[in-house]
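Asks: Build me a structure from this.
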Amino acid sequence: MINIVIIDDELNARAFLANLLAKELSDEFHLVDSCASVKDGVKAIKDNKVDLVFLDIHMPEEDGFELMGYFEDVDFEIIFVTAFDRYAIK
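Replies: Below is the predicted model of the structure:
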């Protein structure tokens, strides 16, 4: 079972991704938490054993890249999700 956290400031984006995962991979993953900010996402990751994080890059308070600064060892995989093509190269 893959434990997942979704971090995205847009409610519709979080709901869409959660629904897509439930529809396509319901037997293979467990959605641990769905968070609207880096701050809440860091707490969810630290409070749970997380294998995979779907992480929005462009968010109001902190961007997704800043999340990694909260961890000495990033022991989970990250899939960046964004609607902004300018982040693709970064």
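
Asks: Can you show me the helices along the chain?
Replies: Assigned helices in the chain, in chain order: 11-25, 38-47 (criterion: DSSP state H).

Asks: Among those helices, show me which one is buried the most.
Replies: Across the helices of the chain, averaging neighbours per residue (mean count of other Cβ atoms under 10 Å) puts helix 38-47 on top, at a mean of 18. For the C-beta atoms, the positions are set from N, CA and C on the backbone; glycine is no exception.

Asks: by contact count, what packs against it?
Replies: strand 2-7, strand 29-35, strand 52-56 (3 or more Cβ pairs under 8 Å, 6 or more residues apart in numbering; DSSP states H and E).

Asks: cutoff 6 Å now
Replies: strand 2-7, strand 29-35 (3 or more Cβ pairs under 6 Å, 6 or more residues apart in numbering; DSSP states H and E).

Asks: Name the residues that touch that helix?
Replies: 5, 7, 33, 35, 62, 66, 67, 70 (Cβ atoms under 6 Å, 6 or more residues apart in numbering).

Asks: can you give me how far that helix is from the chain middle?
Replies: 10 Å (Cα atoms, centre = their mean, to the nearest Å).

Asks: Please save the CA atoms from that helix in PDB.
Replies: Extracted in PDB, the C-alpha atoms of helix 38-47 (Å, rounded to 0.1, in the frame of the first residue of the first chain):
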ATOM      1  CA  VAL A  38       3.100  23.600   2.600                       C
ATOM      2  CA  LYS A  39       2.800  24.100   6.400                       C
ATOM      3  CA  ASP A  40      -0.100  21.700   6.600                       C
ATOM      4  CA  GLY A  41       1.600  19.300   4.200                       C
ATOM      5  CA  VAL A  42       4.800  19.200   6.300                       C
ATOM      6  CA  LYS A  43       2.800  18.300   9.400                       C
ATOM      7  CA  ALA A  44       0.900  15.600   7.500                       C
ATOM      8  CA  ILE A  45       4.200  14.100   6.300                       C
ATOM      9  CA  LYS A  46       5.900  14.300   9.700                       C
ATOM     10  CA  ASP A  47       2.900  12.800  11.500                       C
END
